[in-house]
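A predicted structure for the sequence below; I have some questions about it.
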Amino acid sequence: MSEKLWAGRFTQPTDAFVEEFTASIQFDQRLYRYDIEGSTVHARMLAKQQVISDGDAAEIVAGLNEILAEIERGEFAFSISREDIHMNIEARLIEKIGAVGGKLHTARSRNDQVALDIRLYLRDEVDSIVTALGKLREALLQQAEANLDVIMPGYTHLQTAQPILFAHHMLAYVEMLSRDTGRLHDLRKRLNIMPLGAGALAGTTFPIDREWVAEQLGFDGVTRNSLDSVSDRDFAIEFCSFSSLLMMHLSRLSEELILWSSADFAFVDLSDAFCTGSSIMPQKKNPDVPELVRGKTGRVYGNLISLLTLMKSLPLAYNKDMQEDKEPLFDTIDTVRGSLKVFAEMIAEMTINPERMRAAAGRGYSTATDIADYLVRKGLPFRNAHEVVGKTVRYCVETGKDIPDLTLDEFRQFSSDIEADIFDFVTLEASVNARKATGGTAREAVEREISLARKA
Ligand code: ARG
C-alpha cells in the first residue's frame with residue numbers, strides 16, 4: 001500500500017520537496033492526543049449507529065490507545081510522507097490492525113477532523129491560561145496587600161501628578177487581567193461547539209449521531225452548518241485577539257517595571273533570578289524578563305494579523321491555506337503561557353522600595369490639586385482656585401521650597417481663604433486618603449477593592 005492514503009487517483013508520486021512543503025506534521029503533531037480522543041469517540045459512535053460493528057470499533061479503539069502510548073513513549077515515527085497528524089495516526093492504525101483500521105475514516109473528512117482537533121486542543125489551553133492568569137492576579141493582589149501603606153507618585157504624561165497608593169497601581173493591573181479573563185470565558189463559549197459530522201463540506205450520507213459525540217467530548221453543542229463548520233477559524237482569531245490585549249497589558253507593566261528598576265527610579269528590585277548581567281559592564285543587572293515580554297507582544301500582534309489576513313479572502317469551505325492557521329496559533333499559546341508563568345513568579349518575588357517611592361511622590365508639587373480642592377470647599381470657583389495654586393507653585397519653584405514646607409503667611413500671600421488647617425490637607429497621606437469614592441486611591445477604597453478582587 002502507498003504511504004499516501006489518497007494515492008488512488010494519482011499516477012505519479014509527489015515531488016519530494018512538494019511533499020515536505022505541503023506537510024504539516026512538523027507542527028501539527030502537538031494535536032496527537034486530541035486527534036486520538038476525537039477518533040476514539042467517532043469510532044464508538046459509528047458502532048453505536050451500526051455503521052461499523054462493535055468488534056471493529058473495539059479493535060480501532062485498542063489500536064488508537066496503543067498509538068497514543070507509542071507517541072507518549074517517544075517511539076512513534078512521525079513521517080513527512082504521511083503529511084499530517086491525522087494521516088500519520090490513521091496509517092499507523094492500518095499498519096497495526098490491518099484493513100479494519102481503514103473503517104475509522106467512515107463519515108468523516110480531515111476537514112472536520114482538524115476543526116475538531118484544534119477546538120479540543122485550544123479548549124484545554126484556554127483552561128490552563130485561565131489558571132495562569134489567576135496566578136498572576138494573585139501575585140499582584142499579594143503585592144497590593146503587603147504594601148498597603150506605601151505611597152508612590154501617580155503620573156500623567158510621565159510627569160508627577162498626584163500621590164497614589166502603590167497598591168492602587170497594582171490593582172489597576174488586576175482590573176486589566178480580570179477583563180482578559182472575562183474575554184477568555186466568553187470566547188470559550190463559541191469555541192466549545194462540536195464541528196465533526198460536517199464531512200468534507202456538505203455533511204455525510206451516514207446516520208451519525210453528532211449530539212452524542214459532542215456530549216462524549218464535553219462540548220456544549222454542535223455546529224449548525226457544515227460549510228461553516230469546516231471553514232470557520234473565528235475561535236483561533238478570537239484567541240489571538242484576546243492574547244494581543246493581554247500581551248499589551250503585560251507590555252505596559254513591563255515598561256513600568258523596566259523604568260522602576262532603573263537606578264534613577266529605584267522603586268522596585270527584581271529578583272536576580274529574573275535578570276541577567278552584561279558581558280562588558282560588570283555593574284549591570286538588566287530586566288531581561290520584562291523586556292522580552294514587551295518584545296514578544298509584537299509577535300502576538302503579528303500572529304493575529306496573520307490569521308485575519310489568512311482568512312480574509314478564502315471562498316467556502318476548506319482551503320489548504322487554512323493549514324497555516326496552526327503555527328501562529330501555537331506560537332501565540334506558547335508565548336502567552338510563558339509570559340504569564342514568568343510574570344507571576346517575578347511579581348511574587350519583586351521587592352519594593354517604599355522610601356524611594358515616597359520621596360518621589362513628595363516631589364513635583366503632587367499635592368497642588370489638594371490645595372485647589374481646599375479653596376473650592378471654602379467657596380472659591382475651581383478656576384480661581386487653580387490660579388491661586390498655580391502662583392503658589394511658581395513661588396515654590398522660585399524659592400526652591402516644597403508645598404508642605406511653606407509657612408501659613410507664605411500660603412496666604414496668594415489667598416486669604418487659606419487658614420492653618422491647610423497643613424492637614426497637603427500631606428501625602430491626606431491627599432491619598434481624601435480620594436475615597438469607589439475606584440479612588442484612598443486606603444479604605446483600595447481595601448474595599450482588594451476584598452472584592454479576592455472574592456472574584
Ligand atoms: N493538515 C491539514 C490542515 O491542517 C488537515 C486538513 C487537510 N484537508 C485537506 N482537504 N487537505 O489543514
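Happy to help now that I have it. Numbering: from 1, shown residues only.

Do you know the pLDDT at K4?
Looking at K4, its pLDDT stands at 84.

Look up how far S226 lies from it.
Distance, K4 to S226, by C-beta to C-beta, to the nearest Å: 26 Å. Every residue, glycine included, has its C-beta placed from N, CA and C.

Counting neighbours, go ahead and name the busier of these two.
S226 (21 against 16; other C-beta atoms under 10 Å).

And for the nearest residue to that one once chain neighbours are set aside, the neighbour number?
Closest residue to S226 apart from its sequence neighbours, by C-beta to C-beta, 6 or more residues apart in numbering: A198 at 3.8 Å. A198 sits with 30 neighbouring residues when counted by other C-beta under 10 Å.

these two touch, right, E37 and Q216?
No - if you go by C-beta atoms under 8 Å, E37 and Q216 don't touch, sitting 9.3 Å apart.

Now the residue nearest to S226: phi and psi?
Main-chain dihedrals, A198, degrees, to the nearest 10: phi -70, psi -20.

Report the contact partners of it.
S109, N111, D112, A115, T223, S226, L227, S229, V230 (C-beta atoms under 8 Å, 6 or more residues apart in numbering).

Skip the chain neighbours and tell me the closest residue to the third one.
Residue nearest to D112 in three dimensions, not counting chain neighbours: A198, with 4.2 Å by C-beta to C-beta, 6+ apart.

if I look at the one you found, how far off is the ligand?
Distance of A198 to the ligand, computed by C-beta to the nearest ligand atom, to the nearest Å: 12 Å.

Also R356?
53 Å.

how about that residue, what does it touch?
By C-beta under 8 Å, 6+ apart, R356 lies in contact with F265, A266, F267.

Same question for A442.
By C-beta under 8 Å, 6+ apart, the contact list for A442 reads V432, N433, A434, R435, K436.

Next, count neighbours for the first one.
Taking other C-beta under 10 Å as the criterion, the count of residues near V432 is 27.

and what of S339?
26.

Quickly find the element holding the nearest residue to it once chain neighbours are set aside.
Distances taken as C-beta to C-beta, 6+ apart place V293 nearest to S339, at 4.8 Å, with adjacent residues excluded. Using DSSP states H and E, V293 falls within helix 288-311.

Establish whether the longest helix along the chain and the ligand are in contact.
When the chain is scanned for its longest helix (criterion: DSSP state H), the result is helix 110-146. Yes - against the ligand, helix 110-146 shows contacts by C-beta under 6 Å from any ligand atom at R110, N111, V114.

need the contacts of A198 in CSV with pLDDT, can you?
Rendered in CSV, the data for the contacts of A198 read as follows (pLDDT from 0 to 100):
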residue, pLDDT
S109, 98
N111, 98
D112, 98
A115, 98
T223, 98
S226, 98
L227, 98
S229, 98
V230, 98
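
Pull the most distant pair out of these.
Across those, no pair lies farther apart than S109 and T223, at 14.0 Å, counting by C-beta to C-beta.

Run through the residues that contact K436.
Applying C-beta under 8 Å, 6+ apart, the residues contacting K436 are A442, E444, A445.

If we use 10 Å, what do you get?
Counting by C-beta atoms under 10 Å, 6 or more residues apart in numbering, K436 touches A442, R443, E444, A445, R448.

again, but for E256
Going by C-beta under 10 Å, 6+ apart, E256 touches Y155, H169, Y173, F265, F267, V268, P290.

quick one on the thing from earlier: quick one: which of the contacts of R356 is most hemmed in?
The most crowded member of the contacts of R356, judged by other C-beta under 10 Å, is F267 (22 neighbours).

how many neighbours does the nearest residue to it once chain neighbours are set aside have?
Nearest non-adjacent residue to F267, counting by C-beta to C-beta, 6+ apart: W260, 3.9 Å away. W260: 23 surrounding residues under other C-beta under 10 Å.

got it, and L308?
Neighbours of L308 (other C-beta under 10 Å): 13.

cool, and D149?
12.

For it, which non-adjacent residue is spatially closest?
Leaving out its chain neighbours, the residue that sits closest to D149 by C-beta to C-beta, 6+ apart is P354, at 7.5 Å.

For that neighbour, list the residues it contacts.
For P354, the contacting residues are N147, D149, V150, I151, M152, F166, F267, by C-beta under 10 Å, 6+ apart.

mind checking the SS state of the closest residue in space to R82 that isn't next to it in sequence?
Nearest residue to R82 in three dimensions, chain neighbours excluded: N88, at 4.4 Å (C-beta to C-beta, 6+ apart). Following DSSP: H, G, I helix; E, B strand; the rest coil, we place N88 in the helix state.

And N88, how far from V230?
N88 is 20 Å from V230, by C-beta to C-beta.

re earlier: quick one: which of the contacts of A198 has the most company?
D112 (28 neighbours).

For that residue, give its distance to L5.
Here the criterion is C-beta to C-beta. By it, D112 lies 16 Å from L5.

State whether R108 is indeed within a helix.
No - applying three-state DSSP, one finds R108 to be coil, outside a helix.

Tell me, how many residues neighbour it?
R108 has 24 neighbours, counted by other C-beta under 10 Å.

For it, give me its contacts.
Counting by C-beta under 10 Å, 6+ apart, R108 has contacts 38-39, 42-43, 46, 86, 116, 196-200, 204, 206, 208.

Angles on the backbone of the residue of the stretch 301-450 of the chain found nearest the ligand, please.
The minimum distance from the stretch 301-450 of the chain to the ligand, using C-beta to the nearest ligand atom, falls at Q323 (3.6 Å). Per-residue torsions, Q323: phi -60, psi -20 (degrees, to the nearest 10).

Contact partners for the residue in the stretch 151-300 of the chain that the ligand sits nearest to?
Closest contact between the stretch 151-300 of the chain and the ligand, by C-beta to the nearest ligand atom, is at A200 (7.0 Å). The contact partners of A200, by C-beta under 10 Å, 6+ apart, come to R108, S109, R110, N111, D112, S226, V230, A317, Y318.

pLDDT at D424, what is it?
pLDDT recorded at D424 is 90.

Isn't I36 up against N88?
No - when contacts are counted by C-beta atoms under 10 Å, I36 is not listed as touching N88 (11.1 Å).
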